[in-house]
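In: Sequence and computational prediction follow.
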Amino acid sequence: MDTLGRMSRSGARKRRVLSNPLRSRLRAKRGVKVTAWRTINSLVLLTFGATKAVMVSRGNPVADSFDMVVGLVWALISFWCGLIEEESPSIAPWLFQADITEFVLSVLALLAVWAVSGLAFILIELAVRDITVDTTTAKGVLSLVIPSAFIGGGVYGAVEASASDPTLLR
């Protein structure tokens, strides 16, 4: 067979040769490239979302106005940086072109370990002190999740617990 799928004179089949540059680029590219800009954009959006969630759970009346103003400003920044990333990434290659996937994955793995161990510490402390948390409301869930993200392996919580009740560590 030749490139159109026909048999050769000897009867052996020839492999079809593809010279499509797009196909070779797709094979070479594995996964999504994580850049500094994409990481910053994601972190800012997560921060805005978490801030609004806390403000709403506390009944803060400024939450909607804050979200609208900050969201509009960030949408404008994100729009222009997206254009620069698409059309002229060489303006700031460290921001738009450098692949930091391995670094981001290692940081996320570390944060995941810290958050899980911090949450485990909080749950153990709640069980030891016989404290109940209403997990049916957003405020109750956030009271567990947010501290666990900041405790960092329970170190801060252990110091705080031992200072308030030294018998816990005996």
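Out: Sure thing, it's come through. Residues are numbered from 1 along each chain as shown.
In: Which strand or helix spans Ala115?
Out: The secondary structure element spanning Ala115 is helix 101-129 (assigned by DSSP states H and E).
In: got the buried residues for that helix?
Out: Buried residues in helix 101-129, counted by 16 or more other Cβ atoms under 10 Å: 104, 114-115, 117-119, 121-122, 125. For every residue, glycine as well, the C-beta is placed using N, CA and C.
In: now for it, which elements pack on it?
Out: helix 138-151, helix 155-164 (3 or more Cβ pairs under 8 Å, 6 or more residues apart in numbering; DSSP states H and E).
In: what's the least confident stretch among these?
Out: Ranked by mean pLDDT, the helices and strands packed on helix 101-129 bottom out at helix 155-164, which scores a mean of 46.
In: if I look at Gly59, how far off is Phe66?
Out: From Gly59 over to Phe66 the distance is 14 Å, taken as Cβ to Cβ, to the nearest Å.
In: Of the two, which one has the most company?
Out: Neighbours per residue (other Cβ atoms under 10 Å) separate Gly59 from Phe66, with Phe66 holding more: 15 against 8.
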